[in-house]
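> Sequence first, then the predicted structure, then my questions.
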Amino acid sequence: MNRSLEQTKIAKRYVNSLFEALATQKDSTAVAKDIADLGGMIEESADLQNFIDTPLLSVEQQKAGVEALAKKAKFATPVSNLLIVMAENRRLSILPAVVRETENHLAKQSGTVPVAVATARKLSAADQKKIGADIKAVLGKEILMQAYVDESLIGGMVAQVESTLIDGSIKSKLDKLERDLTSKVA
């Protein structure tokens, strides 16, 4: 989850800058729709996933690619500009995180609390629903839960609610046990 946390921090900066630059609620709605559409395109297209993930393309090639994508998809100017800036900064690989952070930004605007849950294996729909209901009951607020798979956790789960990280993973318990054992030996 470390890499995704770093990506999340960077994505938040892009999303906050994007929405701060918008003048009206109408602009925000159009941008949110375009970002959601982009997320769907990324999920559905292996070619687009490869394009944003490959480090082999030059900045010019990436810019040309995102400009063509934005034009074909008829994205609003702020979204097109965001894609170009991300290409210039070699940050296209975090576009999925930008999509998630856009969802989180909109959820916060409506009073919903974004929650990220990482588990060692994919959660079933029933497990996601139960975990979501449990977190909602504890917080007493509506939540937007996003589930991730992080195989390094071995088992258990890690939940991030705003700036609070709750680590109930087997990996962290084993790390703690190792620290305790090595400190007693020394």
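Arrived safely, thanks for sending. The structure presented is a predicted model; accordingly, all values stated were derived computationally and were not measured. Residues are numbered from 1 along each chain as shown.

> which stretches of this structure form helices?
Remark: helices assigned in the chain by DSSP state H are 2-20, 25-44, 46-53, 59-73, 77-88, 95-109, 125-139, 170-185.

> Please name every helix or strand in contact with the fifth one.
Put plainly, it is helix 77-88. helix 2-20, helix 25-44, helix 59-73, helix 95-109 (3 or more C-beta pairs under 8 Å, 6 or more residues apart in numbering; DSSP states H and E). In this view, the C-beta of every residue, glycine as well, is placed from N, C-alpha and C.

> do that again at 7 Å, thanks
helix 2-20, helix 25-44, helix 59-73 (3 or more C-beta pairs under 7 Å, 6 or more residues apart in numbering; DSSP states H and E).

> List of residues touching that helix?
The contact list for helix 77-88, computed with C-beta atoms under 7 Å, 6 or more residues apart in numbering, reads 14, 18, 21-22, 31, 34-35, 59, 62-63, 66-67, 70, 92.

> so how far is residue 160 from residue 20?
23 Å (C-beta to C-beta, to the nearest Å).

> now residue 87
28 Å.

> Switch the helices of the chain over to a markdown table; also include distance to residue 153, mean pLDDT and mean neighbour count.
Converted to a markdown table, the helices of the chain look like this (distance: least, C-beta to C-beta, whole Å; pLDDT from 0 to 100; neighbours: other C-beta atoms under 10 Å):
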| stretch | distance to residue 153 | mean pLDDT | mean neighbour count |
| --- | --- | --- | --- |
| helix 2-20 | 11 | 84 | 15 |
| helix 25-44 | 23 | 92 | 16 |
| helix 46-53 | 23 | 95 | 14 |
| helix 59-73 | 32 | 96 | 15 |
| helix 77-88 | 29 | 96 | 19 |
| helix 95-109 | 19 | 91 | 21 |
| helix 125-139 | 14 | 93 | 13 |
| helix 170-185 | 5 | 88 | 11 |
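
> To residue 150, which of the ones you listed lies closest?
With C-beta to C-beta as the criterion, residue 150 lies closest to helix 2-20 of those, at 7.5 Å.

> So which other helices or strands are in contact with the closest one?
Using 3+ C-beta pairs under 7 Å, 6+ apart: helix 2-20 touches helix 77-88, helix 95-109.

> Of those, which is nearest residue 7?
Closest approach to residue 7 among the helices and strands packed on helix 2-20 (C-beta to C-beta): helix 95-109, 4.3 Å.

> elements contacting that closest one?
In terms of contacts (3+ C-beta pairs under 7 Å, 6+ apart), helix 95-109 is packed against helix 2-20, helix 25-44, strand 113-119, strand 143-149.
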